[in-house]
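Undergrad: coords please:
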Amino acid sequence: MTFFRDDEQLKSLGDRIVEATLVEFPELEKNQLALTWVVYDPPVPVNTGGALSPEAFWQHEVRGYHYRGEERIYPASVVKLFYLVAIHEWLDKGMIQPSAELDRAIRDMIVDSSNDATSLVVDILTGTTSGPELPPGPFETWKYQRNIVNRYYKSLGWPELAAVNINQKTWCDGPYGRERVFLGELMENRNMLTTNATARLLHAIVGGVAVSATRAQAMMELMKRSLDEEELAANPDNQVSGFLGAGLPKNAKIWSKAGHTSFVRHDAAYIEIPDRQPYLLVVFTEGRQQSKNEAILPFISQQVAAAVSKL
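TA: Model prediction:
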């Protein structure tokens, strides 16, 4: 079950895009790609500053397409979008207190994709900290606290969130101590998302109904990416080069959050191109060879942008 309506036109176009991608990149296996694409037909209910109430927004039907959109995949830094919404929820409900350091961490987590900033955000969200291994009793308490973000998302009742796991920090070198034990011997407790779940969260942010209209707008501001070539060249870690933004015309606008490790390359984006319907696109790719390939996501983005012009 998805928040969007399956659409024959998008299915035809989407199937062709997937097929073209697998032909263009033969090293990309069918089970190493997942994709969710949502189109916003007039009247557009998103990026309006929260003009619609949550009730009216969720009643507004949108059409979409997915390929393996329900498959659980390690999300890398895309999970930071989920921590972004959660920290705004905590702040909005007075569960935690605002501070300059928290503001700095929230900004750096999304704008720069800082893992160190994310560590602080997760600590504040959960009331836990990293450190040495713990005795069984205290460790059980620690694990329960660390799963508070999972419980929050389960409380939303979104069917797309049934299969996700959001309880791990993001790392540069990897976890140690209690964090490594919590991850599981075979990393069975690592973060897991689907492109459909990510699309629904992004849909809520762009729709202005994630926590509140004001907070959703603040999230959008952090996700806005520049397509200016000089700015991109000056910042190699720009979350555009090698990702969906690199496949767009220069007059496009994009709000996104990328994820990249040695074995995955992902992006989740809301895109506006003049004279075309706005759309949302989430693409996950897996594989060590594929994660190094900076052409796959821009190719898919180009294909989708071209398809939107035919709608």
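Undergrad: only C-alpha atoms for contact and neighbour calcs from this point on.
TA: Fine.
Undergrad: Report the contact partners of the most centrally placed residue in the chain.
TA: Centrality entry for the chain: nearest residue to the mean C-alpha point is Val78, 3.9 Å, by Cα atoms, centre = their mean. By Cα atoms under 8 Å, 6 or more residues apart in numbering, the contact set of Val78 is 257-259, 266-268.
Undergrad: Longest helix in the protein, please.
TA: helix 8-24 (DSSP state H).
Undergrad: Give me the contacts around that one.
TA: For helix 8-24, using Cα under 8 Å, 6+ apart, the contacting residues are 28-30, 63-67, 296, 299-300, 303-304, 307.
Undergrad: ok, 6 Å please
TA: With Cα atoms under 6 Å, 6 or more residues apart in numbering as the test, helix 8-24 has contacts from Tyr65.
Undergrad: buried residues in it?
TA: 10-11, 13-14, 17-18, 21-22 (16 or more other Cα atoms under 10 Å).
Undergrad: Turn those residues into a markdown table, columns for pLDDT and distance to Ser212.
TA: What follows is the buried residues of helix 8-24, written out as a markdown table (pLDDT from 0 to 100; distance: Cα to Cα, whole Å):
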| residue | pLDDT | distance to Ser212 |
| --- | --- | --- |
| Leu10 | 98 | 30 |
| Lys11 | 98 | 32 |
| Leu13 | 98 | 34 |
| Gly14 | 98 | 32 |
| Ile17 | 98 | 35 |
| Val18 | 98 | 35 |
| Thr21 | 98 | 37 |
| Leu22 | 98 | 40 |
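Undergrad: secondary structure element for Leu281?
TA: strand 279-286 (DSSP states H and E).
Undergrad: Need the phi and psi values for Leu35.
TA: phi -150, psi 140 (degrees, to the nearest 10).
Undergrad: mind listing what the spatially closest residue to it that is not a sequence neighbour touches?
TA: Counting by Cα to Cα, 6 or more residues apart in numbering, the nearest residue to Leu35 once its immediate chain neighbours are dropped is Val283, at 4.5 Å. Shown in contact with Val283 (Cα under 6 Å, 6+ apart): 34-35, 266-267.
Undergrad: Closest to Ser241 out of these?
TA: Asp267 (11.2 Å; Cα to Cα).
Undergrad: where's that closest one, which helix or strand?
TA: According to DSSP H and E, Asp267 maps onto strand 264-272.
Undergrad: Next, the angle from that strand to strand 279-286.
TA: 170 degrees (axes from the mean of the first three to the mean of the last three Cα atoms, to 10 degrees).
Undergrad: My read is that Pro298 contacts Ala246, right?
TA: Yes. The pair Pro298 / Ala246 is scored as a contact, 5.2 Å apart, by Cα atoms under 6 Å.
Undergrad: just to revisit the earlier point, quick check: buried residues in the following helix or strand past the strand holding Leu281?
TA: Downstream of strand 279-286, the first helix or strand assigned by DSSP H and E is helix 288-292. Neighbour counts over helix 288-292 (16+ other Cα under 10 Å) mark 290-292 as buried.
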